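Undergrad: Got a predicted model here, sequence first, then my questions.
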Amino acid sequence: MFRAILVFISVGVTSAWGNGSQPNLLLFLADDMTYTDVGCYGNPDVQTPNLDLLAKEGLKFNRCYNSAPTCSPLRQSLYTGLYPVRNGAHPNHSRVYEGVKSLPHYLEPLGYRVAIVGKRHEAPSEAFPFEFLGGSHGDGGKTPDGDDLPLEAAKEFIDRDKGQPWCLVVASNQPHTPWNRGDASKYPPGQLTVPPYLVDTVETREALSAYYAEITYMDGQVGAVIDILEDAGQSGGTAFLWLSEQGSQLPYGKWTCYDMGIHAAALMRWPGVIEADSETEALVSYVDVLPTFMAMAGGEPEVEDFDGRSFLPVIKGLSKTHHKVVFAVHTTRGIYNGSEAYGIRAATDGDWLYISNLHPEMTFKNSVTFRGREYHSWKKVDSDFARERFNLYQHRPPEELFYLPEDPWCCDNRIDKVEGINLPSKMDMWMKQQGDLGDATERDAENRQPDYKPWSKKGQY
């Protein structure tokens, strides 16, 4: 905190209180959405007019990766700028170590009001001292429309004091299952294009229909936030970053480190700074968002405080590259219907994706294998592809390697076909730096979950 106060003084009190040098910062986070399922990312079916508009008016990141393919570790990593094992929150429904700081700790000394509306999935509360504007963790389509994401509270926060910069996280519950928001009639199952990594069955198509309807519903929430900014006259002074979170609950997405699980869609609009209708191949990670926001606010992120680093030069068009390699982690230990232990680590340079399965002798289990209608429908299909996709989901080799430019769906494991890839050694060094002991870290995962889960109660996080 002392260092942050010094940074605040160094940038000057005048610049920290709204003379135009500091942008407002808006982070919109979707929930369980595969990066390809946006119109501007090439999906031929899904309707996302507001996200497509953001892409037209801003920057599309083609190589953005999250740090974990499950909600709680991902969000706590995003808000702290630290990978999950290092911050202590590597299993789902987890908590960070005592003393770990997050977005409010770094931006408030720079003069910002910092708030969140919608879904919460962090612990303990003192590590994430956002001003909470209301909402709920999940809605299941059972709450009145909008109760889980009360955007009227977001509007009040934005309008409250136009002389002070603000940072607002808008955390939607969509398109997380049960996929009962939106109008599925707009997506007739028989007319949809089934992505190549999924097996084409009636159940798969019905799932895609319901899932796409929730994406369009979430896209409407994005449009509502854009309207709030316009009505407040603050659109021009606000940097708007939208992230897709992790992959969907279709097989090979969420709970996996395949590209559909950890690759993220990311769009950013910052009028007057970001060139409209632009895109970048720079390799960035969710751990970069906090130091980037801090740099945009006029602060000076300290290298030792974060695993990520600011990609502000990429945003400004001053650099076409960022990281050489980024990483992700997953454990099934402690998730609903999960395996006793099934640790996964991933490293990618944007072209090659290397995956280490720490427990290949175990059967991979999660909610998809427990009650996923579309997944279990695959075993009824008499084809080599269907049998392979069904079996591989639960029984995997120790190592996997995919060449993403030719195989973005991760269907061709080249681990025995390619030599000279340095990603395994990069991963070993990274795990040591993170204090990741592999199996021992997995066995300790449930000890990182709090006895009381504050986000489980409606209206709290």
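TA: Received the coordinates, thanks.
Undergrad: wait, doesn't A239 sit right on N24?
TA: Yes. With contacts defined as C-beta atoms under 8 Å, A239 counts as touching N24 at a distance of 7.1 Å. Where you see a C-beta, it was placed from the backbone N, CA and C, and this is true even at glycine.
Undergrad: what about the helices in the stretch 151-300 of the chain?
TA: Secondary structure of the stretch 151-300 of the chain by DSSP state H, counting those that start in this stretch: the helices cover 151-160, 202-231, 259-262, 289-296.
Undergrad: Contacts only, for P84.
TA: 67-68, 73-74, 76-77, 90, 94, 329 (C-beta atoms under 8 Å, 6 or more residues apart in numbering).
Undergrad: and if we set it to 6 Å?
TA: 68, 73, 77, 90, 329 (C-beta atoms under 6 Å, 6 or more residues apart in numbering).
Undergrad: and the second one, what helix or strand is that in?
TA: With the criterion set as DSSP states H and E, the secondary-structure element containing P73 is helix 71-80.
Undergrad: and for that helix, what are the contacting residues?
TA: 66-68, 83-84, 87, 89-90, 92-94, 96, 100, 102-103, 121-122, 246, 286-287, 289.
Undergrad: and the angle from it to helix 289-296?
TA: If you take axes from the mean of the first three to the mean of the last three C-alpha atoms, to 10 degrees, helix 71-80 sits at 20 degrees to helix 289-296.
Undergrad: From G134, how far out is the closest residue to Y41 other than its chain neighbours?
TA: Among residues not flanking Y41 along the chain, A265 sits closest, at 5.4 Å (C-beta to C-beta, 6 or more residues apart in numbering). Distance of A265 to G134, computed by C-beta to C-beta, to the nearest Å: 26 Å.
Undergrad: Look at those two and report which has more neighbours.
TA: Per other C-beta atoms under 10 Å, whichever of A265 and G134 has more neighbours is A265, with 24 against 16.
Undergrad: did I read that right, G317 in a strand?
TA: No. Per DSSP: H, G, I helix; E, B strand; the rest coil, G317 lies outside any strand segment and is coil.
Undergrad: these two touch, right, P150 and G134?
TA: Yes. Between P150 and G134 there is a contact at 4.7 Å, judged by C-beta atoms under 6 Å.
Undergrad: Need the residue in the protein that's farthest from the chain's center.
TA: Using C-alpha atoms, centre = their mean, the residue of the chain lying farthest from its centre is D382. It sits 35.4 Å away.
Undergrad: what's near enough to touch Y35?
TA: Y35 touches 244, 263-265, counting by C-beta under 6 Å, 6+ apart.
Undergrad: And it, which helix or strand is it part of?
TA: Per DSSP H and E, there is no helix or strand for Y35.
Undergrad: cool, and F402?
TA: strand 399-403.
Undergrad: so how far is that strand from its chain's centroid?
TA: 22 Å (C-alpha atoms, centre = their mean, to the nearest Å).
Undergrad: Tell me the buried residues in it?
TA: Across strand 399-403, burial judged by 16 or more other C-beta atoms under 10 Å covers 400-403.
Undergrad: circling back to that earlier point, now for the contacts of Y35, which pair is the farthest apart?
TA: Within the contacts of Y35, S244 and H263 form the most distant pair, 8.9 Å apart (C-beta to C-beta).
Undergrad: before we move on, back to that, distance of the residue farthest from the centre of the chain from R373?
TA: For D382 relative to R373 (C-beta to C-beta), the value is 19 Å.
Undergrad: on that earlier part again, most packed of the helices of the stretch 151-300 of the chain?
TA: Burial of the helices of the stretch 151-300 of the chain is given as mean neighbour count (mean count of other C-beta atoms under 10 Å); helix 259-262 ranks first at a mean of 28.
Undergrad: Now do that one: which elements does it pack against?
TA: Helices and strands touching helix 259-262, by 3 or more C-beta pairs under 6 Å, 6 or more residues apart in numbering; DSSP states H and E: there are none.
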